[in-house]
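Participant: Whatever this is, show me its structure:
(one chain, ligands or ions: 1)
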Amino acid sequence: MQPERLNIGLIGTGTIGRVHAENLAYRVPGAALAWVADVNPTAVREVAGRFQVPHATTDYHEVLADPDVDAVVICSSTHTHARITGEAAEAGKHIFCEKPIDYSLPRIDEALRLVEKKGVKLQVGFNRRFDPNFARVRQAVASGEIGEPHLIHIVSRDPEPPTPEYVKTSGGIFMDMTIHDFDMARYLVGSEVVEIYAGGGVRIDPEIGAAGDLDTVLLLLKFADGTLGTIDNSEKAAYGYDQRVEVFGSQGAVQIGNNYPNAAVLSTARSIHRDRPLYFFIERYADSYIAEMRSFIDSVANDRPVLVTGEDARFPVVMGLAARKSYDENRPVRLSEIG
Ligand SMILES: NC(=O)c1ccc[n+]([C@@H]2O[C@H](COP(=O)([O-])OP(=O)(O)OC[C@H]3O[C@@H](n4cnc5c(N)ncnc54)[C@H](O)[C@@H]3O)[C@@H](O)[C@H]2O)c1
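Facilitator: Next comes the predicted model:
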């Protein structure tokens, strides 16, 4: 019999780890935040104190060794995800892992093999699937309301670029930022991408270029069902976080715009304007982080399939590798070239 509340160990108490820690502590019935772990002792102590977490450690192996822990939530830096996922699976823990699961396909495949072997659940943090706006776009496509999809346009721009320090372990723009849009593209259209042509540049921060990354990219996607798509990413939009999508089909179109902190429109003799969109992902997607975690806990507690699977974790990484290859070689790349 399952315990009344699942004991959760959260690994990585940085930006997104704190969001999930707060949700697990206060907003996810059925979950008890039992452990927090981070290599940074100050960060882990602070988060444990803030959310009254009984156990804190700088070595996540302690979390995995605790037989009372039912599941782990992996929020550490990207390059640690596949390793910790594999170790957690070996320890028999169910796993929620932040995106991307890794940027190396051999490491991902090994982690997925261990998850399969041990029969534990794995859900990856593609939280936008749990956002009501994106969910309505999916519904409009899946139900046939807009007919057969022909085009998808995704605009996804951040209000500020990552630090060069963060870029060192993030895997770069395609793995860190565009990965959400890759997930949305295949999820919203309901068909797999077969080819990507990526252009890119460094238009915002030369240090990002010096770290070998890009801060501005534009991608052309071709889907197996014939749909064409674009993804437009900038790491710095002067007017704030810009998250828009349109799917155009044979019977119509569905689009979503930005979410705002209020609905006020200010009209004067000079202009008509409104406040800027919700600042960044923590504000814009706050509800989706709660919904994805409730869904994960429900899947574990009631032995239901997770809504974002290992395959959903892997495929966007293949897309990211294809995008980088396309940019490097300045040509369209078939996903079958990647594996
Ligand atoms: N789904 C989303 O919307 C979303 C948003 C932000 C970040 N993320 C993902 O979450 C991950 C973390 O991003 P972040 O912005 O919170 O980064 P961050 O740098 O703020 O935090 C990462 C934390 O992990 C810790 N850490 C690193 N190695 C560790 C290890 N071996 N064991 C324990 N702790 C370790 C670091 O000390 C740091 O505190 C990234 O993979 C990122 O892509 C997802």
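Participant: Isn't residue 82 up against residue 115?
Facilitator: No - the criterion here is C-beta atoms under 8 Å, and residue 82 misses it with residue 115 at 10.5 Å. For the C-beta atoms, the positions are set from N, CA and C on the backbone; glycine is no exception.
Participant: who's more crowded, the two?
Facilitator: Between residue 82 and residue 115, counting by other C-beta atoms under 10 Å, residue 82 is the more crowded of the two (26 against 23).
Participant: Would you mind listing what in the stretch 1-150 of the chain touches the ligand?
Facilitator: Within reach of the ligand by C-beta under 6 Å from any ligand atom, the stretch 1-150 of the chain has these residues: 11-17, 37-40, 43, 60, 75-78, 80, 98-99, 125, 127.
Participant: Can you spell out which helices and strands pack onto the helix or strand that contains residue 325?
Facilitator: Using DSSP states H and E, residue 325 maps to helix 310-329. With contacts taken as 3 or more C-beta pairs under 8 Å, 6 or more residues apart in numbering; DSSP states H and E, helix 310-329 sits against helix 105-118, strand 122-124, helix 173-176, helix 178-189, strand 193-201, strand 216-223, strand 333-334.
Participant: Repeat the analysis, applying 6 Å as the threshold.
Facilitator: Secondary-structure packing of helix 310-329 (3 or more C-beta pairs under 6 Å, 6 or more residues apart in numbering; DSSP states H and E): helix 173-176, helix 178-189, strand 193-201, strand 333-334.
Participant: want to throw the ones you listed into CSV with distance to the ligand and mean neighbour count?
Facilitator: Converted to CSV, the helices and strands packed on helix 310-329 look like this (distance: least, C-beta to the nearest ligand atom, whole Å; neighbours: other C-beta atoms under 10 Å):
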stretch, distance to the ligand, mean neighbour count
helix 173-176, 5, 26
helix 178-189, 7, 25
strand 193-201, 19, 20
strand 333-334, 23, 16
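Participant: Leaving out sequence neighbours, find the closest residue to the residue most central in space within the chain.
Facilitator: Centrality entry for the chain: nearest residue to the mean C-alpha point is residue 126, 3.7 Å, by C-alpha atoms, centre = their mean. Sequence neighbours aside, residue 183 is the residue nearest to residue 126 in space, at 4.4 Å (criterion: C-beta to C-beta, 6 or more residues apart in numbering).
Participant: before we move on, the earlier item: reformat the helices and strands packed on helix 310-329 as CSV; add mean pLDDT.
Facilitator: Shown next, in CSV, are the helices and strands packed on helix 310-329 (pLDDT from 0 to 100):
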stretch, mean pLDDT
helix 173-176, 97
helix 178-189, 98
strand 193-201, 98
strand 333-334, 98
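Participant: Take those and write them to JSON lines, including distance to residue 151.
Facilitator: As requested, those are exported to JSON lines (distance: least, C-beta to C-beta, whole Å):
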{"stretch": "helix 173-176", "distance to residue 151": "21"}
{"stretch": "helix 178-189", "distance to residue 151": "10"}
{"stretch": "strand 193-201", "distance to residue 151": "14"}
{"stretch": "strand 333-334", "distance to residue 151": "20"}
